[in-house]
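Participant: just need the structure, nothing else, for what follows:
(chains A and B)
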Amino acid sequence: MGAGHAHPLYRAGDSVVHRLPAHVKIVVAFVFVLAVVATPREAFAVFGLQFLLLVGVWTVARIPPGWLAARALIEAPFVVLAVLLPFFATGPRVEWMGMSLAVDGLLAGWNILVKGTLGVLVSVTLAATTPLRDLVSGLSRLRVPSMVCVIATLMLRYLEVIAAEARRMRLARVSRGHDPRFVWQLGATVRSVGALFLRSYERGERVHLAMLSRGYTGTMPAFTTASASTATWSVALVPAVAAALLALSGYWVW
Amino acid sequence: MTVPSLEVSGLAFAYPDGHQALFGVDLRIERGERVALLGPNGAGKTTLVLHLNGVHRAGAGTVWVGGMEVTREHVQEIRRRVGIVFQDPDDQLFMPTVADDVAFGPANFGVTEPELALRVKEALEAVGVAELADRSPMHLSGGQRRRAALATVLACDPEILVLDEPSTHLDPVARRELAEVLLGLDRTMLMVTHDLPYALQLCPRSVVIDGGVVVADAPTRDLLADADFLRAHRLELPFGFALD
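Facilitator: Have a look, this model is predicted:
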């Protein structure tokens, strides 16, 4: 399912990971991220092992690491913050290559960097193996309030429509000699953002009318999504439980 | 006498701001008829259409659909019976895939699996886009989108199909293909349009609304041949067309 509704983070495939029901994958990813976050920051080896677990998942899902790395770049702004921390934090300091670094800052930076990276990699893995529409139906299966799911569904659909509308409006401005590089022409851009908002609002009204006309009464009809057997759950939860056990071991062993 | 698909009697309506849009409209459409609803902009066509499925409540007069009066209690059944295909398919197709969208209406009206899947399949086949079931509406051509929007309504098995400007934004081929689909449906139809040749092609009978009242109800061909009448109501055949 979901062919033709690909998003840039999705990588079509037919692996065990791809075939898992979306709600199972959401739970597994959530538990995995919780485990990473709960790991003490000094337990360096645990993070390495958790990373290896992820590598295992990628191998099963046949996702090349380079493909993932490119999409994990979204993390970059946070990395900058993590790198700055050792320089600006207070407390005891160490000398390293002629630089004076705060120990606390180093650990805090490392904490952000490693947990952020693992978290992003888990999310990208989930997105890479699950089409958007399955993610939404997975959320609704996990009892996320139906209004939130309706909003997510409509957003997925109309983001593209509104973006196309914005492109057309920009083209129409540019065709009439508008060049927003000049500050005094910014006004037109701002006004067209306002116009876009009004148009989107009116479209919302029309969509609602069309939904009412087909019997919408405030709740989306429940479309059947595949349920997961106990066996599926127990296999799928292996990486998440392993990550959680590793996190726990971090408190005693390291 | 058989029950007509649609019967409107003495329908009057004013918007909350006081603007009176309809001044007593009478209209009767028999089962299986295809009728064009013509009239200049602001004549009250859309207002009338929104009365048919209970979005607007009549200020005075009544509307019956297949013998059932449009009232608050019946509004859900009325909305199943009146299938409105809106002018912009992007307003109608809001789900991630075409199949989900076609399933939306019947699911709201209580159709469940396996019947639901069958309805979706039949509706998509009726408009000739069965292969698009799993596609996103965003990635369809204008003509495909229009036909998918039609399928979303057909899946509800309506008593009367109401089409709002079905031919807008369609290229000539898509326009003709849609006409072929519509002619093949064998359903009661009310088509709101400015496209007079399309009305002639699809609807043997036309009703003209102007100033909130029905000013003509006659065979489409006779109406379109009456140049004085057309001029009086801001209707005009495209350049190069003439009927006699």
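Participant: any regions of the chain where pLDDT drops low?
Facilitator: Here I'm looking at chain A. A:1-7, A:182, A:222-226, A:254 (pLDDT under 70).
Participant: think we crossed wires, I meant chain B
Facilitator: B:1.
Participant: around chain A, pick out the residues from it.
Facilitator: Counting by CB under 8 Å from any CB of the partner chain, chain B comes close to chain A at B:50, B:53, B:55, B:76, B:79-80, B:82-84, B:86, B:88, B:90-97, B:100, B:103-105, B:107-109, B:113, B:134-139, B:152-153, B:156. Quick note: C-beta positions are derived from backbone N, CA and C, even for glycine.
Participant: those in helices, which ones?
Facilitator: B:50, B:76, B:79-80, B:90-92, B:100, B:103-105, B:107-108, B:152-153 (DSSP state H).
Participant: hang on, the earlier thing: among the residues of chain B next to chain A, name the buried ones.
Facilitator: B:50, B:53, B:55, B:79-80, B:82-84, B:86, B:88, B:90-97, B:100, B:103-105, B:107-109, B:134-138, B:152-153, B:156 (16 or more other CB atoms under 10 Å in any protein chain shown).
Participant: what's the first-to-last distance across stretch B:49-59?
Facilitator: 15 Å (CA to CA, to the nearest Å).
Participant: what's in contact with it?
Facilitator: A:209, A:212-213, B:6, B:8, B:11-14, B:22, B:37, B:47, B:63, B:65, B:70-72, B:74-75, B:78-79, B:82, B:84, B:160, B:162, B:164, B:190, B:192 (CB atoms under 8 Å, 6 or more residues apart in numbering or on different chains).
Participant: do stretch A:108-119 as well
Facilitator: A:33, A:36-37, A:39, A:41, A:47, A:50-51, A:54, A:72, A:75, A:78-79, A:81-86, A:89.
Participant: which residues touch residue 211?
Facilitator: Since no chain was named, I'll use chain A. B:94, B:104.
Participant: wait, chain B
Facilitator: B:23, B:43, B:44.
Participant: quick check: the last one touching residue B:22?
Facilitator: In this case it means residue B:44. Yes - Residue B:44 lies in contact with residue B:22 (CB atoms under 8 Å); the separation is 5.0 Å.
Participant: residues shared between the contacts of the two?
Facilitator: residue B:212.
Participant: neighbour count winner among the two?
Facilitator: residue B:22 (26 against 23; other CB atoms under 10 Å in any protein chain shown).
Participant: quick check: the more buried one touching residue B:12?
Facilitator: Yes - counting by CB under 8 Å, residue B:12 is a contact partner of residue B:22 at 5.4 Å.
Participant: what is in contact with these two at once?
Facilitator: B:59, B:212.
Participant: could you pull out the strands for chain A?
Facilitator: All strands of chain A, identified by DSSP state E, fall at A:93-96, A:99-102.
Participant: and the first one, what does it pack onto?
Facilitator: Identification of packing neighbours for strand A:93-96 by 3 or more CB pairs under 8 Å, 6 or more residues apart in numbering or on different chains; DSSP states H and E yields strand A:99-102, helix A:103-129.
Participant: tell me which residue of chain B is furthest from the middle?
Facilitator: Farthest-out residue of chain B from its mean C-alpha position, per CA atoms, centre = their mean: residue B:114, at 28.5 Å.
Participant: I'd like to know how far it sits from residue B:28.
Facilitator: 38 Å (CB to CB, to the nearest Å).
Participant: contact partners for residue 62?
Facilitator: This is for chain A. Counting by CB under 8 Å, 6+ apart, residue A:62 has contacts A:13, A:15.
Participant: hm, I was asking about chain B
Facilitator: Per CB under 8 Å, 6+ apart, neighbours of residue B:62: B:8, B:9, B:10, B:11, B:69, B:70.
Participant: what bridges to the residue most central in space within chain B?
Facilitator: What sits nearest the mean C-alpha location of chain B, by CA atoms, centre = their mean, is residue B:162, with 1.7 Å. Judged by DSSP bridges, the bridge partners of residue B:162 are residue B:84, residue B:190.
Participant: look up how far residue B:48 lies from it.
Facilitator: From residue B:162 to residue B:48 the distance is 10 Å (CB to CB).
Participant: follow-up on the earlier one: from the helices and strands packed on strand A:93-96, which stretch is densest packed?
Facilitator: helix A:103-129 (a mean of 20; mean count of other CB atoms under 10 Å in any protein chain shown).
Participant: hang on, the earlier thing: give me the buried entries from the contacts of stretch A:108-119.
Facilitator: Going by neighbour count (16+ other CB under 10 Å), the contacts of stretch A:108-119 have A:33, A:36, A:39, A:41, A:47, A:50, A:54, A:72, A:75, A:82, A:85-86, A:89 buried.
Participant: right, I'll leave it there.
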